[in-house]
Structure formats: C-alpha cells, structure tokens
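Q: Structure for this input, please:
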Amino acid sequence: SADLRQMIASLKAVVNGKEVRLFTCDLDSDTPIGWLERLGYTETHNVIVMEDAWEVVDYFKDDVNGLGAVLYDTSNMHSLDVACTYAGLNDCLTLSYSIYGELVNRGYDVAVEEDYRGDFADKYEAYEYLYDTLWDQCTHRILIHFNSAEVGHVRSFGMLVKAAFVYLDGAETRDREIMEKFLADMPAGESCIYGWYPAEGRGVELASRYGVWTYAADYLQSVEFFAHETEIVLPEYTESFTQRSDVDDGTVYVAMLVSEGDNLQYVENGLYDICFSSDLLGDFPVSFSISPTMAVMEPELLNWYYEQANDNIGFTTGPSGVGYTYTSVWEDSDALAHFFELTNEYCGIAGIDVVNNWSAVENWASHPLTDEVRSIMNAECTDILTIIDNASTTATSADGLLITNMQVGYLQTSDNVTGVFGDAIDLAVAETEHYGEPSFVWLQGNPWTRTTMQDFYDCYNAIKEQYGDKGEFVRADELARAQRLFYGLPAER
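A: Below you'll find the model as predicted:
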C-alpha cells in the first residue's frame with residue numbers, strides 16, 4: 001500500500017543516514033534494481049532481496065525500535081509534506097495512523113512525537129505552519145517540490161538531507177506567494193529544487209528568478225546509494241579536429257543530441273532504457289546530455305555510461321549546466337555568475353566540454369542572450385569549449401569561449417525526426433555550397449516523446465544517403481572543436 005511505501009521511505013532515510021544499507025525501488029521497472037547487477041554489487045556485496053515491507057522492517061528492527069513517529073492525515077496529504085519535513089529533522093518515521101497501530105501491534109517500540117491529523121484545513125495552513133515552525137531548522141540549499149498525493153521516491157532523500165517539502169502551483173496567486181517566501185530564503189546561485197511542478201515552464205521560471213535551479217527528481221530512486229566518492233574515468237576518444245586544416249570547407253558537420261540529461265531520474269532509468277540498452281548504441285555518432293553533478297551524486301552510474309562510450313558516443317550537459325534553469329530570467333547577476341562558476345567546476349570533474357543553455361521563459365519562448373549574460377559566461381566558463389544556446393547567434397569571445405545557436409533545440413516528437421532534422425541540414429548544405437564555408441549544425445531530440453535510437457539512426461542513414469561526404473556526423477565535443485577552429489579559436493582551452 002501507499003502508506004507502507006511511505007513508512008519504508010522514512011525508514012530508509014533513518015537507516016541510510018547512519019550507513020547506506022537499504023536500496024528501494026518505487027517504480028514499476030527493473031532498471032533501478034538492475035544497477036546493482038550492472039555495477040557489480042550482486043557479486044561484491046551480500047544483496048538480500050525483499051518484496052514484503054514488513055520483512056524489511058523486521059530486518060532493521062534494531063533501527064526501528066526507539067524511533068519517534070509522525071502521523072499524517074490521509075485525508076489531507078499536504079500534511080504528509082509537513083510530516084516528512086519534521087521526520088527528516090528528527091529522524092522519525094512518517095506513518096498513517098493505521099500503519100502506526102500495526103507497528104505497535106507487532107511489538108515495535110515506536111512512540112508518537114507529532115500527530116498532524118486534523119491540524120490543517122488546507123494546503124495553505126499546512127505550508128504556512130511548516131514555514132513558521134520548521135523551515136528555519138531545514139537546509140535552505142535544497143527544497144523538495146513533490147506531489148503531495150504521492151509517497152516514496154524522492155521523499156527518502158529529502159528527509160535524509162533535512163529538506164522541507166512543499167507542492168505549490170505558481171499559477172495560483174496564494175500558492176505563488178507562499179512559494180516565493182521559501183525561494184527568497186534560499187541562497188541565490190547556490191540552491192536547488194528536487195522534484196517537479198504542476199507546470200514545468202512556470203515552475204522552472206519562478207525558481208530561476210530567485211537564482212534557484214531545478215533537478216527533475218520526483219521519481220529519483222535511492223540516490224544516496226550511489227552518492228559516494230568515486231574517481232571519474234573519462235572516455236578515451238580519437239580526436240579528429242586539432243588544427244584548422246582538419247575542418248573541410250565543403251562539409252556540413254552535424255551533432256545529434258539526446259535531451260533530458262538534466263533530469264536525474266532519467267539518467268537513472270530512461271537513459272538506460274531508451275538509449276543505452278539499444279543494439280544501435282555506438283553504431284553512429286550521437287551525444288547524450290547528462291548532469292555534471294552525476295560526478296558527485298551518482299559517480300558509479302556516470303562511470304558506467306562512460307565505459308560504454310566509443311568514438312561515436314559523446315556527452316553534453318542538459319540545460320543549463322549544473323542544473324535546469326532559464327538563465328535569461330535570473331535577476332541577480334552575482335548569483336548567475338556563481339551558477340556558471342559551479343557549472344564550470346562540475347563540468348571539469350565530469351569531463352564535459354559542451355554546455356547546453358536555455359534562454360527561455362515559462363512558455364519556452366526563446367530570448368537572445370544579453371551582453372551581460374555573455375560576459376558572465378565568458379568570465380566563469382573558463383574550461384568550457386562551447387555553450388550551445390537555443391536562441392543565440394554564433395559569437396566568439398576574447399576569453400576563448402564559443403557561444404553558438406542550436407538549429408533544432410528541442411524536437412518534441414518522433415513523428416518525423418528525419419524530416420525536421422533534414423530540413424535544418426538541407427539549409428546548411430545550401431549555405432555551405434553558396435559561401436564555400438563549412439556549416440555546423442546542432443540538433444536535439446527529446447526521448448520522452450517516443451524518439452528512439454532507431455529514429456536517430458534512420459535520420460543518420462537518410463542524410464548520408466542524400467549527401468554522402470557533404471554531411472559528416474560527429475560527437476558534440478568534436479563539433480565544438482571543429483567550429484572553434486573555424487572561428488580562429490584553439491581546439492582546446
């Protein structure tokens with residue numbers, strides 16, 4: 001039941017706060033559990049698989065006995081957010097009244113510390129109470145924004161890091177006012193939201209205005225299990241572009257990118273399911289967006305993905321670097337500078353050379369980069385080869401950073417990948433033939449909307465059949481180097 005899953009989520013926070021020993025999966029998928037085998041844990045550790053929640057509780061009975069309990073109101077699930085916040089701060093279990101009763105009946109020594117049943121008339125009372133009584137004790141660098149009606153998933157992580165839990169809709173005036181109270185207290189340029197929003201664009205934009213970025217992480221699974229110090233082993237590539245003569249003036253160079261890498265639950269699940277389990281992986285050039293924070297959050301997963309890489313598999317960041325945000329709406333330039341400083345730092349650890357930046361507002365309308373934002377990028381992204389932006393025109397900087405545009409920034413459907421990407425390449429071929437100069441084409445597709453590796457492969461074959469050597473597909477980092485060389489910049493920084 002949902003209440004049992006929530007009990008286990010809170011138990012996991014308590015147990016793993018002492019020593020990481022409990023791995024759970026709330027998804028109807030074998031992929032999260034599959035990481036234990038792919039990473040070799042089933043061979044090097046004593047892995048005990050349990051499917052019954054009470055068996056888990058009994059196994060950790062020494063951890064359970066003596067814990068406090070926080071009761072939430074199953075008729076007002078916003079009370080669960082308050083309960084999770086309190087439980088994280090005080091190492092308690094979050095329980096419905098019925099589960100609490102069953103624990104006691106089974107002989108466990110668990111006492112009620114807080115009972116939120118009937119305390120809140122609506123979500124506004126719940127979150128105002130949370131803000132007034134608990135928020136000051138919470139970390140202000142992380143906020144969990146997760147559907148109050150759902151249990152498990154990211155809740156255990158939020159309780160483990162002693163974060164507050166809310167779920168508000170920025171389209172509603174009172175919701176927005178409460179959300180802004182929390183955001184205003186979070187250190188700009190240093191803070192993030194884990195979870196998701198009722199409406200993506202509206203939620204990401206509001207957080208961005210306060211200098212807070214987002215990790216799509218509402219269905220994040222057992223991230224603390226992978227968050228331990230591990231040296232990152234970078235892919236070994238054959239470099240094709242080291243000097244200007246390597247860039248042919250009659251060629252259109254194309255990088256096909258797969259989006260969603262800013263989404264931490266996607267790199268745990270969808271990236272493997274949709275892309276890295278495909279028999280076509282490595283047969284043609286394609287680059288995958290990933291979060292550079294995987295280098296510290298999920299380093300073993302990042303290393304596994306890197307181990308699969310050959311000369312046809314590249315990596316970029318998702319939008320807009322260290323986390324998902326719309327850099328065009330940040331109101332604090334110092335905070336934005338710190339954001340790009342962190343992006344540069346984590347990209348260095350993760351070995352990523354290309355940053356995907358989104359200059360957008362809530363309806364995803366693109367806005368060209370301002371001179372101020374370009375200046376901040378130039379000053380802070382000192383190790384990045386190229387920033388690809390969904391609204392910019394190609395430009396170089398005196399500091400050696402190349403900022404360039406994406407011809408197709410976010411293909412939403414797989415109905416006609418070859419057609420949409422092909423149109424952009426057709427235009428680039430015509431320009432190359434007219435001007436006698438190479439063209440550089442950045443194309444990105446969204447795997448959530450049924451875009452598969454087969455779709456990318458079909459596009460690759462169609463373009464190669466139509467244009468032959470006039471169209472050369474390369475990794476994202478290769479395209480960055482070729483484009484830099486053409487604009488008179490060194491291939492490396």
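Q: Kindly tell me how buried residue 174 is, as a neighbour count.
A: Number of residues near residue 174 (other CB atoms under 10 Å) recorded here: 13. In short, each C-beta sits where N, CA and C put it, glycine included.
Q: Surely it is in a strand?
A: No - read with DSSP: H, G, I helix; E, B strand; the rest coil, residue 174 is helix and lies in no strand.
Q: Next, find the distance separating it from residue 125.
A: From residue 174 across to residue 125, the span is 11 Å (CB to CB, to the nearest Å).
Q: For residue 324, see how far away the nearest residue to residue 408 once chain neighbours are set aside is.
A: The shortest distance from residue 408 to any non-neighbouring residue, by CB to CB, 6 or more residues apart in numbering, is to residue 443 (4.6 Å). Distance of residue 443 to residue 324, given as CB to CB: 20 Å.
Q: In terms of neighbours, single out the busier of these two.
A: Taking neighbours as other CB under 10 Å, residue 443 and residue 324 compare with residue 324 leading, 25 against 22.
Q: what sits opposite the more buried one in the beta ladder?
A: residue 214 (DSSP bridges).
Q: Check what pLDDT it gets.
A: Note on residue 324: pLDDT of 96.
Q: that older thread, per-residue pLDDT, the residue nearest to residue 408?
A: We have a pLDDT of 94 for residue 443.
Q: mind showing which ranges of the stretch 51-200 of the chain have poor pLDDT?
A: Applying pLDDT under 70 to the stretch 51-200 of the chain flags no residue at all.
Q: State the helix or strand in which the residue nearest to residue 408 lies.
A: Secondary structure from DSSP states H and E places residue 443 in strand 439-445.
Q: Give the rounded mean pLDDT of the following helix or strand past that strand.
A: As assigned by DSSP H and E, the chain's next helix or strand after strand 439-445 is helix 453-467. The average pLDDT within helix 453-467 is 93.
Q: Tell me what angle helix 453-467 forms with strand 439-445.
A: Angle between the axes of helix 453-467 and strand 439-445 is 150 degrees (criterion: axes from the mean of the first three to the mean of the last three CA atoms, to 10 degrees).
Q: residues making contact with helix 453-467?
A: For helix 453-467, the external contacting residues (CB atoms under 8 Å, 6 or more residues apart in numbering) are 252, 254, 256, 258, 274-275, 278, 280-281, 283-286, 414, 417-418, 421-422, 425, 429, 445, 471, 473.
Q: surely residue 481 meets residue 241?
A: Yes - between residue 481 and residue 241 there is a contact under CB atoms under 8 Å: 4.1 Å.
Q: Spit out the residues that contact those two alike.
A: Counting by CB under 8 Å, 6+ apart, the residues touching both residue 481 and residue 241 are residue 491.
Q: Which one's more surrounded, those two?
A: Between residue 481 and residue 241, residue 481 has the larger neighbour count (other CB under 10 Å), namely 27 against 21.
Q: can you pull out the helices in the stretch 251-400 of the chain?
A: Assigned helices in the stretch 251-400 of the chain, in chain order: 264-268, 270, 294-297, 299-307, 333-350, 371-380 (criterion: DSSP state H, counting those that start in this stretch).
Q: Buried deepest among these, which one?
A: Compared across the helices of the stretch 251-400 of the chain, helix 264-268 shows the largest average neighbour count, a mean of 25 (mean count of other CB atoms under 10 Å).
Q: show me what contacts the residue lying closest to residue 266 once chain neighbours are set aside?
A: By the measure of CB to CB, 6+ apart, the closest residue to residue 266 outside its immediate chain neighbours is residue 260, 4.6 Å from it. Residues in contact with residue 260 (CB under 8 Å, 6+ apart) are 266, 270-271, 289, 318, 446-448.
Q: cool, residue 111 as well?
A: Counted by CB under 8 Å, 6+ apart, residue 111 has contacts 68-69.
Q: Dig out what it forms beta bridges with.
A: Going by DSSP bridges, residue 111 forms beta bridges with residue 68.
Q: now it: how far from residue 419?
A: From residue 111 across to residue 419, the span is 64 Å (CB to CB).
Q: repeat for residue 470
A: 19 Å.
Q: what do you get for residue 162?
A: The gap separating residue 162 from residue 419 is 50 Å, by CB to CB.
Q: Neighbour count: those two, which is higher?
A: Each of residue 162 and residue 419 has its neighbours counted (other CB under 10 Å); residue 162 has more, 18 against 10.
Q: Phi and psi next, for that one.
A: phi 60, psi 50 (degrees, to the nearest 10).
Q: Surely it is in contact with residue 140?
A: No - contact between residue 162 and residue 140 fails when scored by CB under 8 Å: they sit 10.4 Å apart.
Q: overlap in contacts of these two?
A: With CB under 8 Å, 6+ apart as the test, residue 162 and residue 140 reach no residue in common.
Q: In what element of secondary structure is residue 419 found?
A: Using DSSP H and E, residue 419 sits within helix 417-435.
Q: and the angle from that helix to strand 439-445?
A: Going by the same axes, to 10 degrees, helix 417-435 makes 170 degrees with strand 439-445.
Q: quick one, what contacts residue 77?
A: Taking CB under 8 Å, 6+ apart, we find residue 77 in contact with 148-149.
Q: From residue 87, how far out is it?
A: 15 Å.
Q: What of residue 257?
A: Separation of residue 257 from residue 87 (CB to CB) stands at 40 Å.
Q: For residue 386, list each beta-bridge partner.
A: Residue 386 has these beta-bridge partners by DSSP bridges: residue 354, residue 402.
Q: Many thanks, we can stop here.
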